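>>> sequence plus predicted model, see below.
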Amino acid sequence: MFNLKLLQKNKTIKYGVPMLLLVVGGSFGLREFTQIRYDSQKIKRKLDPSLEARVNLEKQPVMLEEEYQKLKDLKLDEWKNIRGPRPWEDSREYQEQQRTTKNIKD
């Protein structure tokens, strides 16, 4: 009887042990719930066999020469970087300014 009253007055046992159980038990519980989440996402991601076969066919090895020819055919010298309007700028006014400067240069 004496030991029980002594344990009830001890703050570590009264507050610390339940808090420790909550933290440790919560981590195990969260692990289980997150595992369920990832398992359900894995199930949803599975593709039809016909679609998966088509996707795997498209994953052919990339030939460096072919990619070089594609880039060579692009006209990169004529490319111009045009800045968009800032949030505090009026976009219509800025677009008009861009159009007029483009017409002047042409």
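Nice, I can see it. Values in this document were obtained by computation on a predicted structure and should not be read as measured data.

>>> drop to CA atoms for contacts and neighbour counts, all remaining ones
Noted.

>>> low-confidence ranges in the protein?
The chain contains residues with pLDDT under 70 at 1-2, 47, 57-59, 102-106.

>>> how is it divided into domains?
As given by the TED database, the domain ranges for the chain are 7-60, 61-105.

>>> now do the helices in this structure.
Secondary structure of the chain (DSSP state H): helices located at 2-9, 11, 17-44, 49-58, 64-73, 91-105.

>>> to Lys80, which of those lies closest?
Closest of the helices of the chain to Lys80 is helix 91-105, at 10.8 Å (criterion: Cα to Cα).

>>> contact partners of that closest one?
Pro85 (Cα atoms under 8 Å, 6 or more residues apart in numbering).

>>> returning to what we had before: could I get the helices of the chain as TSV with distance to Lys80 and mean neighbour count?
Output for the helices of the chain, formatted as TSV (distance: least, Cα to Cα, whole Å; neighbours: other Cα atoms under 10 Å):
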stretch	distance to Lys80	mean neighbour count
helix 2-9	77	9
helix 11	71	10
helix 17-44	43	11
helix 49-58	33	10
helix 64-73	17	10
helix 91-105	11	11
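
>>> reformat those helices as JSON lines; add distance to Trp79.
Below are the helices of the chain laid out as JSON lines (distance: least, Cα to Cα, whole Å):
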{"stretch": "helix 2-9", "distance to Trp79": "78"}
{"stretch": "helix 11", "distance to Trp79": "72"}
{"stretch": "helix 17-44", "distance to Trp79": "42"}
{"stretch": "helix 49-58", "distance to Trp79": "30"}
{"stretch": "helix 64-73", "distance to Trp79": "13"}
{"stretch": "helix 91-105", "distance to Trp79": "13"}
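
>>> Arg83 and Lys75, how far apart?
20 Å (Cα to Cα, to the nearest Å).

>>> actually, Trp88.
From Trp88 to Lys75 the distance is 34 Å (Cα to Cα).

>>> over to Tyr15?
72 Å.

>>> just Arg45 next, same as before
Distance, Arg45 to Lys75, using Cα to Cα: 39 Å.
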